[in-house]
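K.L.:
Kindly return the folded structure for what I paste below:
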Amino acid sequence: MSAELETLLAKQACTELVYRFARGLDRRDEETLRCVFHPEGTDDHGYWTGTGADFVTWVLPLLAGMERTQHLIGNVLVEVQGTRAVAESYFVASHDLTDTSGNPARMTTAGRYLDEFRKHEGQWRIFHRRAVYDWNANEPRTDNWDRSASSPRDFGKPDRSDSVFAFAERLNSPD
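P.N.:
A predicted model of the protein is given here:
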């Protein structure tokens, strides 16, 4: 395999880890979150710092207190050198919750993930993640869709019952 192709594949693998982390958070998927981190991986979210494994243990109960979240990822720039890589990835994360007065609210946070990746047993993993915060906003939530069972819309769910998991199974079903 050429060096250019190997670098391209490494960049794609690292980029997908960033995306998988976001999906893991939004679907509150412990298995996915644990798989993105290197066994010796660490995470520094500023207000929380520790191992990648401990981050997962810490963040899942925090997310359980929110109705829904959505982490959007953009501007992923990955630089690769051998079995190590670094990346800067922009994020905008919206968190639907109830404010201290009991009203529906949305907290939006934007910033960047600074990631160091390393190969572990032939697979790229996050070795260290640092969250850098650029801005945030808190506002009343105005969601007015009918979210009842009779609604014609398919709403996202913060767990593995979300439609994406059944949809992905289409790859394993015969035509």
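K.L.:
Quick one: mean pLDDT over the helix or strand hosting residue 112.
P.N.:
If you go by DSSP states H and E, residue 112 is part of strand 104-120. In this model, strand 104-120 has a mean pLDDT of 97.
K.L.:
Spit out the contact partners of residue 153.
P.N.:
Listed by CB atoms under 8 Å, 6 or more residues apart in numbering, the contact partners of residue 153 are 145-146. Glycine gets a C-beta too; all of them are placed from N, C-alpha and C.
K.L.:
hmm, who's touching the lowest-mean-pLDDT helix or strand in the chain?
P.N.:
Least confident helix or strand, the chain: helix 163-168 with a mean of 86, by mean pLDDT, DSSP states H and E. Defining contact as CB under 8 Å, 6+ apart, one finds that helix 163-168 is touched by 23, 27, 154, 156-157.
K.L.:
Same question for stretch 64-78.
P.N.:
10-11, 14-15, 18-19, 21-22, 25-26, 28, 63, 85-98, 117, 156, 158.
K.L.:
Tell me the buried residues within the residues you listed.
P.N.:
The neighbour-count test (16 or more other CB atoms under 10 Å) marks 10-11, 14-15, 18, 21-22, 25-26, 28, 63, 85-87, 89-91, 93-97, 117, 158 as buried among the contacts of stretch 64-78.
K.L.:
From the residues you listed, which land in strands?
P.N.:
85-87, 89-91, 93-97, 117 (DSSP state E).
K.L.:
Rebuild those as TSV, extending it with distance to residue 37.
P.N.:
Formatted as TSV, these follow (distance: CB to CB, whole Å):
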residue	distance to residue 37
85	15
86	16
87	15
89	15
90	20
91	17
93	19
94	24
95	22
96	26
97	26
117	10
